[in-house]
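Q: Structure for the following, please:
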Amino acid sequence: MIAAADFKITKVEHSRLNDTNLENIPFGKYFTDHMLEVDYENGEWKTPEIKPYQSFMMAPSLAALHYGQAIFEGVKAYKNPIGEAFVFRPHDNFRRFNASAERMQMPPIPEEIFMEGIRALINLDKGWIPSQEDHSLYIRPFMFSTDEMIGVKPSEKYKFMIILSPTGPYYNTPMRIYVEEEFVRAVPGGVGYAKAAGNYGAAMFATAEAKKKGYDQVLWTDAFEHKYVQECGTMNVFFIIGNKAITPDLGAGTILAGVTRDSVMTMLTELGLTVEERSLSIDEIIEAHKAGQLREVFGTGTAATISLIKELRYKDYTMEFDINHWEVAPSVKNKLNMIRYGLTKDNYGWMFKI
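A: Residues are numbered from 1 along each chain as shown. Next up is the predicted model:
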């Protein structure tokens, strides 16, 4: 059993914070002074070490580079008006991380390493949390296999790390989305529900093709009929049709169980909408649009939070939306931000105090 008091901590001599402007920073480009690192060997996790952010050596035969045993999570920390630091729903990310680990035949990370690692890191680097609107401290826990051999089998050694990145909004403007009907993100029985690194690498080609057409991202469809919508780029997706909020269900194991997705469903219900998790075809979406019932479309995710979709194109049919008159997505985003930034009471127990 590893406790937070067991962590080995080495602090930087001079912080880079004084040389970093935290205003209007891009997503994922800057990193804080410290990182957490712990190795798994001989069937057990070793003593976690927090040390200055740095590069590390690896062998060319490192298993993760050849066979893709790598998973990660995305979590965010915020400051309230008096400077206290809170993390949004990290226990949910911890549970999802270990669900991904199980699917990828990797060892589960103990809760005390994951949670207390986040707490200890942010305690050291709390000054890196931006205070601007739509800014936060992005927390990236990840794990990869470290056997130094070539052979298709689960590794016997692993490395778990946490790094921190002060960040602004992931998407700065409303998006134009292309409905993908050739390439697929996930299939039933696959790893779509896991936050595996390979899922994102495999999505890049289709995304690049959509960008050549002038679109920001793709809306994935199912692997068999290319008819039922799944995720939107790296986000879950919601369609407001009439007085219903519809989002694809998780039953087939092809969609990531988003923490923001779950939070948004709670908010939508409180706004008086009927929330439905079910299969949703592109034909139903187009029919709702033609009938004037498709009110709003938006993506949700830790990095993106709430991302408005101003255009959706399927084949030769284009759906355009006047986002300036939207009410649901802006209301949900505002309610979430009020909780995250400590501007209203957290009645859900979502905020984890550092």
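
Q: in the stretch 201-350 of the chain, which spans are strands?
A: Under the criterion DSSP state E, counting those that start in this stretch, strands of the stretch 201-350 of the chain are mapped to 217-221, 229-232, 236-241, 244-247, 274-277, 294-301, 305-314, 317-320.

Q: Turn the ones you listed into TSV, columns for mean neighbour count, mean pLDDT and distance to residue 167.
A: C-beta: built from backbone N, CA, C; applies to glycine. Below are the strands of the stretch 201-350 of the chain laid out as TSV (neighbours: other CB atoms under 10 Å; pLDDT from 0 to 100; distance: least, CB to CB, whole Å):
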stretch	mean neighbour count	mean pLDDT	distance to residue 167
strand 217-221	25	96	18
strand 229-232	26	95	20
strand 236-241	24	97	20
strand 244-247	22	98	25
strand 274-277	14	98	29
strand 294-301	24	95	13
strand 305-314	22	94	11
strand 317-320	14	96	30
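
Q: which ones are touching residue 44?
A: If you count contacts by CB atoms under 8 Å, 6 or more residues apart in numbering, residue 44 has none.

Q: distance of it from residue 38?
A: Going from residue 44 to residue 38 by CB to CB, to the nearest Å gives 11 Å.

Q: and residue 77, what helix or strand is that in?
A: strand 75-79 (DSSP states H and E).

Q: what's the answer for residue 185, then?
A: Using DSSP H and E, residue 185 falls outside every helix and strand.

Q: correct me, but it touches residue 220?
A: Yes: at 4.3 Å, residue 185 and residue 220 qualify as touching, with contact defined as CB atoms under 8 Å.

Q: which residues are common contacts for those two?
A: Residues touching both residue 185 and residue 220 by CB under 8 Å, 6+ apart: 230-231.

Q: Quick check, pLDDT for the residue sitting furthest away from the middle of the chain.
A: Largest separation from the mean C-alpha position in the chain: residue 291, at 33.5 Å (CA atoms, centre = their mean). For residue 291, the pLDDT comes out at 96.

Q: Can you give me the distance of the closest residue to residue 85 other than its chain neighbours to residue 22?
A: Nearest non-adjacent residue to residue 85, counting by CB to CB, 6 or more residues apart in numbering: residue 354, 4.0 Å away. Going from residue 354 to residue 22 by CB to CB gives 18 Å.

Q: same check, this time on residue 246
A: Relative to residue 22, residue 246 is positioned 38 Å away (criterion: CB to CB).

Q: got it, and residue 66?
A: Distance, residue 66 to residue 22, using CB to CB: 38 Å.

Q: Neighbour count: the two, which is higher?
A: Set side by side, residue 66 and residue 22 show more neighbours around residue 22, with 18 against 15, by other CB atoms under 10 Å.

Q: How about that one, nearest residue that isn't a chain neighbour?
A: Distance criterion CB to CB, 6+ apart; nearest residue to residue 22, sequence neighbours excluded, is residue 130 at 4.3 Å.

Q: isn't the residue nearest to residue 85 right up against residue 122?
A: Yes: assessed by CB under 8 Å, residue 354 is found in contact with residue 122 at 4.8 Å.

Q: any chance you could map the helices in this protein?
A: For the chain, the helices defined by DSSP state H cover 63-67, 90-103, 111-125, 197-212, 259-270, 282-290, 328-340.

Q: how much space between the residue nearest to residue 85 and residue 136?
A: Going from residue 354 to residue 136 by CB to CB gives 13 Å.

Q: now residue 229, which residues is it bridged with?
A: residue 221 (DSSP bridges).

Q: Relative to residue 341, how far out is the residue nearest to residue 85?
A: Taken as CB to CB, the span from residue 354 to residue 341 is 14 Å.

Q: what's the burial count for the closest residue in space to residue 94 that isn't next to it in sequence?
A: Counting by CB to CB, 6+ apart, residue 114 is the residue found nearest to residue 94 once chain neighbours are left out, at 4.7 Å. For residue 114, the neighbour count with other CB under 10 Å is 25.

Q: so what pLDDT did residue 114 get?
A: 97.

Q: again, but for residue 57
A: Residue 57 is given a pLDDT of 93.

Q: cool, residue 1 as well?
A: According to the prediction, residue 1 has pLDDT 60.

Q: Of the strands of the stretch 201-350 of the chain, which is nearest residue 166?
A: strand 305-314 (15.5 Å; CB to CB).

Q: Low-confidence stretches in the stretch 51-200 of the chain?
A: For the stretch 51-200 of the chain, no stretch has pLDDT under 70.

Q: switch to 80 and redo it
A: 169-172 (pLDDT under 80).
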